[in-house]
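Peer 1: With the sequence up front, the predicted model follows.
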Amino acid sequence: MVEYKLSLTPFTILTLQEQEVLKLLKTTPTNKAARPDGICGRTLRYCAEQLSRVLLQLFQSSLDQGVVPLSWKTLTIIPVPKNNKAHSLNDHRLIA
């Protein structure tokens, strides 16, 4: 019988701060398209004070449980032609 020893690298559990979330919300770009959930950057920025605590709890819960909601892993990719003669996928820029 072969014995295996697991060597797990210790890691620090990340603890978020409300001020960090607030700062990120307040600096969210407002000139970008809405996300797949329909929320635009302008909404996140202007409602930062009201959203920061709720989002902090949501993010911290995800980190503590080690579970990331499927919707956070989903994105929409739109092929944008590089020029007027775009015939193949290589002739497009992929924008998420």
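Peer 2: Yep, it's here.

Peer 1: where along this structure do the helices fall?
Peer 2: 18-26, 41-46, 48-65 (DSSP state H).

Peer 1: Name the nearest residue to the spatially most central residue of the chain, ignoring sequence neighbours.
Peer 2: Of all residues in the chain, the one closest to the mean position by Cα atoms, centre = their mean is Trp72, 6.3 Å from it. Spatial nearest neighbour of Trp72, excluding adjacent residues (Cβ to Cβ, 6 or more residues apart in numbering): Ser62 at 7.9 Å. Bear in mind the C-beta positions are built from the backbone N, C-alpha and C, glycine included.

Peer 1: And the one you found, how close does it get to Leu94?
Peer 2: Distance of Ser62 to Leu94, given as Cβ to Cβ, to the nearest Å: 27 Å.

Peer 1: repeat for Tyr46
Peer 2: Taken as Cβ to Cβ, the span from Tyr46 to Leu94 is 30 Å.

Peer 1: Have a look at the two and say which one is more surrounded.
Peer 2: A count of neighbours by other Cβ atoms under 10 Å puts Tyr46 above the other of Tyr46 and Leu94, at 15 against 9.

Peer 1: what about the more buried one, distance to Leu55?
Peer 2: 14 Å.

Peer 1: Asn90 now?
Peer 2: Taking Cβ to Cβ, one finds Asn90 at 38 Å from Leu55.

Peer 1: Repeat that for Gln19.
Peer 2: Distance from Gln19 to Leu55, by Cβ to Cβ: 13 Å.

Peer 1: Which of the two has more residues huddled nearby?
Peer 2: More neighbours surround Leu55 than the other of Gln19 and Leu55, with 18 against 10 (other Cβ under 10 Å).
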